[in-house]
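In: Just the structure for this:
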Amino acid sequence: MRLAVGLFFALLINLGLFTMMHLMTSSDRIERNAIEEVQLLDFVRVKKDTVTEIKERQLPEKPKPPEKTPPPPKMVPPTQQVKAPAPKMAAPNIKVPLNIAGGPYLGEFSAAPSNPVAPAAVADYAQVTPLVRIPPRYPRNASRRGIEGVVKVAFTISKEGRVVNPHVLTANPAGVFDKAAIKAIKKWKFNPKIVDGQAVEQTAAQEITFRLSK
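Out: Numbers count the residues shown, from 1 in each chain. Here you go, the predicted model:
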């Protein structure tokens, strides 16, 4: 029974398919015949005779160069000289005494006066007179703080009259004016000591006082 029902539905489907195919093929034939009967119309575009007009273009006249105008005069602003006021600072008063007492020692002690100069020392004094004496520079730190002091420097006068191996013997206060005193002494020049017509080395000492002017 089931097989008979299945065969019946299969036949129905096949008939439907054949019918649709027949209708489609017949419609194609009708459309082709209609297309063949339609007359084709060709549209041909006719060209018109055109007259070309030639226009003459005139070149524009060249612009005249502008007249040169003289440059305006340069205005120089007047310069004003500003005078800066000079700072008022107390000038250091550095005393560099030079004296000899009984040998090649130079200078005076502010704490204790030196002994009277002996006649023999006068000849030595002429031999150790400095040719060039450079005053030391007052240290800024000491000048600002108002510190004064004394430095005693020992050194050797060479055969050429130069200062060799300077070193501080005493300093009050210690370490404040030492570098300034040593730096100044190195620039000093002396006449060398003459013995039997020849220049010889000699040792000397110099006391330098650093004092601010009031």
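In: Would you state the helices of this protein in chain order?
Out: Taking DSSP state H as the criterion, the chain carries its helices at 2-37, 119-127, 140-145, 178-185.
In: ranking those by mean pLDDT, which is last?
Out: For the helices of the chain, mean pLDDT drops lowest on helix 119-127, to a mean of 34.
In: Averaging pLDDT per element, find the lowest-scoring helix or strand in the chain.
Out: Taking mean pLDDT, DSSP states H and E as the measure, helix 119-127 is the helix or strand of the chain with the lowest mean score, a mean of 34.
In: Phe155 and Leu169 touch, don't they?
Out: No: with contact defined as C-beta atoms under 8 Å, Phe155 does not reach Leu169; the gap is 10.0 Å. C-beta coordinates here come from the backbone N, C-alpha and C atoms, glycine included.
In: which residues are in contact with both of those two?
Out: Both Phe155 and Leu169 are contacted by Ala205, under the criterion C-beta atoms under 8 Å, 6 or more residues apart in numbering.
In: So for Ala174, what pLDDT did the model give?
Out: The predicted structure scores Ala174 at 93 on the pLDDT scale.
In: same check, this time on Gln202
Out: On pLDDT, Gln202 comes in at 89.
In: so how many other residues sit close to it?
Out: Around Gln202 sit 18 other residues, with neighbours defined as other C-beta atoms under 10 Å.
In: residues in contact with Leu169?
Out: Remark: with contacts taken as C-beta under 8 Å, 6+ apart, Leu169 is in contact with Lys152, Val153, Ala154, Ala205.
In: Also Val5?
Out: Val5 is in contact with no residue at all, counting by C-beta under 8 Å, 6+ apart.
In: Dihedrals phi and psi, the residue nearest to Lys179 when sequence neighbours are not counted?
Out: Taking C-beta to C-beta, 6 or more residues apart in numbering, and ignoring the residues beside it in sequence, Lys179 has Pro139 as its nearest neighbour in space, at 7.9 Å. Backbone dihedrals for Pro139, given as degrees, to the nearest 10, come out at phi -60, psi 140.
In: And Arg162, how far from Arg2?
Out: With distances taken as C-beta to C-beta, to the nearest Å, Arg162 is found 144 Å from Arg2.
In: Those two: which has the busier surroundings?
Out: In this view Arg162 and Arg2 are compared by other C-beta under 10 Å, and Arg162 has more residues nearby, 15 against 6.
In: quick one: pLDDT of that one?
Out: On pLDDT, Arg162 comes in at 93.
In: That one reaches Ile185, doesn't it?
Out: No: here Arg162 does not reach Ile185: they are 10.7 Å apart, not a contact under C-beta under 8 Å.
In: how about the strands in this protein?
Out: With DSSP state E applied, the chain shows strands at 92-95, 130-132, 149-157, 163-172, 189-190, 193-195, 198-200, 202-212, listed in chain order.
In: Since that was my last question, I'll sign off now.
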